[in-house]
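J.: Make a model of this:
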Amino acid sequence: MVPVRPPHQPVAIVGGGPVGLVLALLLDHHGVASTVYDAAPSVAAEPRGSTHGARTMEHYRRLGLAPRVRELGLPGGHSAGITFFTRYDGHLLAHLPHPGADEVRAATAAAPRTHQVPEPMHRANQMYVERLLREHAGTRPRITLRYGHRVTALAEEADAVALTVEGPAGRDVVRAAYVAGCDGGQGLVRRTLGIAYAGEGSLDQDVLGRRATAAHLRVPGMYRRFLRDRAGWSNWVVNAELALNLIALDGDDQFFLLTSSADPDDPDDSRVADLVRRAAGTDLDVEVLSRRAWTPGAALVAERFGSGRVWLAGDSAHLFTPNGGFGMNTGVDDAANLAWKLAGAVQGWGGPGLLPSYEAERRPVALRNTTAARELNIGLGAIERPAELEADTAEGRAARARTAKRLAEYGQLTLDTLGVQLGARYDGSPLIAAAGDTPPPDAFTTYTPSGVPGGRAPHLWLDDERGPGSSLFDLLGPGFTLLSLCPVHSGTAAVEAAARAAGVPLSVVRVDDGAARELYGRDLVLVRPDQHIAWRGNRAPRDPEGLVAKVTGH
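T.: Residues are numbered from 1 along each chain as shown. The predicted model follows:
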């Protein structure tokens, strides 16, 4: 009989990928211990997503990791843009440069004070960033890492969740106050809860549709022979015969292949190498380091995000097509929302409505973001690849002009996604104390800063004694933050007293800055631990105890 130990973990995280690791790090940021379990012996060593959106980079900034993440991936001078060819030695259809890490740093340093993107999107493959996240998590005394340990069962009890864990030393049963399922689309946690996905599966199209192949390649000579100054982060070949994308990993010879033009069930690596040679239009060395089958086109969202003591985040809660790079980023934002609510539950200041609000807030965002990604995928698949696309004839030139225009429009849309990245809002949430103000419209390409409760707190570079490069975001504490933005600071005492009485972590930040007051639109603003606005007003709330109770789920 397997012994059952008493509860000794506040939070068990099943799944040690990027979402599980960020969740553990954010829980640590909020002062909560966690244990991360993953069946693999280490983080993934094969490429997956490469896009770390502006909101994700802000979360990395909170953890002190944003500068280190920007050192990963492509060289600083490498474009983060997109290029389309008929073949790599053929016709250039569209070249869409996008700032690389060096240009981003310079532009951010020179940005106006009210610039809303303190941490612009960065391209670095997930396998590099996961390694950094794991290394950093290993330095945090509140985080216990259990790679090589598979959770095979879990059962919710009255005051804990029992997890059966199989590891190198055998089988054990551990208990945690709460469990976060970050174990992917086929993971144990969602299936144990009996939660199904709803939405749309793979698309029936031959560009990132049906079942596809993903492969890690080494292709020496790609830059010297073909890409040169036209290299993008994403390098497409599009013609009547095939379509594939070589995503640059290191700016040298390593690439991540995505294609529906290869049979994912064919075990012969030479066929993948031959496909790349056909895309190049000439012979070249191609080494297949790893490969896997996958299913693009999905827009699936779990019907529930959990209940009681067990909750889902990342791919366990939603499955994306890769277009736009929204999948992992939506999962990281899940972690930011869930972490502070788990902290409230563990530390005792969260009310009975706090954890259930996670689904109420995050599921609509998952629906929004999976829909946006699928629309991008459909748009790519609808672009014609006529037989004459490569012909050196008048018909060929005309076909290339038409196709190039549509590819450029598609490519630019995948680059201009700031509204998706920063515009998620929690309007209608039971935790948001709104006063009837109208939020800004939700737009795919643009983000409108607003002090209306429910949205991300607007950003401001500070112009005071704190020195250059200081962001208002850096002053927001791990708990709630009450911003006082008026010249004569008053009205904070009542909220401070109510928070103390309820045991709710709260700090007060006073900013004498007209730009901040204009951005937020009120003298007093209550910012949640996930940097979303919970309340604002020009004077102390009439019922501060009621406000604190509402924003903490009581």
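
J.: next one: stretch 188-207 to chain centre, how far?
T.: Offset of stretch 188-207 from its chain centre (C-alpha atoms, centre = their mean, to the nearest Å): 19 Å.

J.: Quick check: mean pLDDT of it?
T.: For stretch 188-207, the mean per-residue pLDDT is 95.

J.: Buried residues in it, which are they?
T.: 188-190, 192-193, 195, 197, 199-200, 202-203, 205, 207 (16 or more other C-beta atoms under 10 Å). Heads up, the C-betas are built off the backbone N, CA and C, glycines and all.

J.: Narrow those residues to those in helices?
T.: Secondary structure from DSSP state H places 188-190, 192-193 of those in helices.

J.: Quick one: residues contacting the closest residue to Gly90 other than its chain neighbours.
T.: In space, and not counting its chain neighbours, Gly90 is closest to Gly281: 5.5 Å by C-beta to C-beta, 6 or more residues apart in numbering. Listed by C-beta atoms under 8 Å, 6 or more residues apart in numbering, the contact set of Gly281 reads 87-90.

J.: so which of those comes closest to Val548?
T.: Tyr88 (60.1 Å; C-beta to C-beta).

J.: Show me what the host helix or strand of Asn377 is packed against.
T.: Using DSSP states H and E, Asn377 falls within helix 356-381. Secondary-structure packing of helix 356-381 (3 or more C-beta pairs under 8 Å, 6 or more residues apart in numbering; DSSP states H and E): strand 197-200, strand 299-302, strand 306-307, strand 318-320, helix 327-347, helix 394-415, helix 418-422.

J.: okay, the ones you listed, which one's buried deepest?
T.: strand 318-320 (a mean of 27; mean count of other C-beta atoms under 10 Å).

J.: ok, it: who's next to it in the sheet?
T.: strand 299-302 (antiparallel) (DSSP bridges).

J.: okay, now Pro449: neighbour count?
T.: By other C-beta atoms under 10 Å, the residues close to Pro449 number 17.

J.: Strands along the stretch 51-200 of the chain, start to end?
T.: Ranges of strands in the stretch 51-200 of the chain, per DSSP state E, counting those that start in this stretch, are 51-52, 82-85, 92-96, 122-123, 143-147, 150-156, 161-167, 170-181, 197-200.

J.: Let me have these in a markdown table, adding distance to Leu407 as columns.
T.: Shown next, in a markdown table, are the strands of the stretch 51-200 of the chain (distance: least, C-beta to C-beta, whole Å):
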| stretch | distance to Leu407 |
| --- | --- |
| strand 51-52 | 19 |
| strand 82-85 | 5 |
| strand 92-96 | 5 |
| strand 122-123 | 19 |
| strand 143-147 | 41 |
| strand 150-156 | 44 |
| strand 161-167 | 48 |
| strand 170-181 | 38 |
| strand 197-200 | 24 |
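
J.: so which of the ones you listed is the most packed in?
T.: Highest mean neighbour count among the strands of the stretch 51-200 of the chain (mean count of other C-beta under 10 Å): strand 51-52, with a mean of 27.

J.: Mind giving me the packing neighbours of it?
T.: With contacts defined as 3+ C-beta pairs under 8 Å, 6+ apart, strand 51-52 has these neighbours: strand 122-123, helix 327-347.

J.: Could you pull out the strands in the stretch 451-554 of the chain for me?
T.: 480-484, 506-510, 524-527, 533-537.

J.: Need the ones you listed in CSV (columns: distance to Lys341).
T.: Below are those laid out as CSV (distance: least, C-beta to C-beta, whole Å):
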stretch, distance to Lys341
strand 480-484, 13
strand 506-510, 16
strand 524-527, 15
strand 533-537, 13
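
J.: Tell me which of these lies nearest to Thr552.
T.: Checking the strands of the stretch 451-554 of the chain against Thr552 by C-beta to C-beta gives strand 480-484 as the closest, at 8.5 Å.

J.: now that closest one against strand 506-510, angle please.
T.: 20 degrees (axes from the mean of the first three to the mean of the last three C-alpha atoms, to 10 degrees).

J.: which neighbours does strand 480-484 have in its sheet, and in what orientation?
T.: Strand pairing for strand 480-484, using DSSP bridges, gives strand 506-510 (parallel), strand 524-527 (antiparallel).

J.: now these as a markdown table including mean neighbour count, distance to Thr83 and mean pLDDT?
T.: Output for the strands paired with strand 480-484, formatted as a markdown table (neighbours: other C-beta atoms under 10 Å; distance: least, C-beta to C-beta, whole Å; pLDDT from 0 to 100):
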| stretch | mean neighbour count | distance to Thr83 | mean pLDDT |
| --- | --- | --- | --- |
| strand 506-510 | 16 | 44 | 97 |
| strand 524-527 | 24 | 41 | 98 |
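
J.: Please identify which of those strands is closest to Arg228.
T.: strand 524-527 (47.1 Å).

J.: follow-up on the earlier one: just give me the closest of the buried residues of stretch 188-207 to Leu132.
T.: Relative to Leu132, the closest of these is Val189; by C-beta to C-beta it sits at 25.1 Å.

J.: wait, which of the helices and strands packed on strand 51-52 is closest to Arg271?
T.: Nearest to Arg271 among the helices and strands packed on strand 51-52 is helix 327-347 (27.6 Å), distances taken as C-beta to C-beta.

J.: what about stretch 256-276, distance to the chain center?
T.: Computed by C-alpha atoms, centre = their mean, the chain-centroid distance of stretch 256-276 equals 28 Å.

J.: neighbouring contacts of that stretch?
T.: Against stretch 256-276 from outside (C-beta under 8 Å, 6+ apart): 47, 50, 125, 205-217, 219, 241-247, 249, 284, 286-288, 291-294, 296, 322.

J.: One more: stretch 22-31?
T.: 10-11, 13, 33-34, 36, 59, 62-63, 133, 136-137, 140, 142-143, 180, 182, 313, 332, 335-336, 338-340, 342-343, 347, 478-479, 529.

J.: If we go by neighbour counts, what in it is buried?
T.: Buried residues in stretch 22-31, defined by neighbour count with 16+ other C-beta under 10 Å: 22-30.
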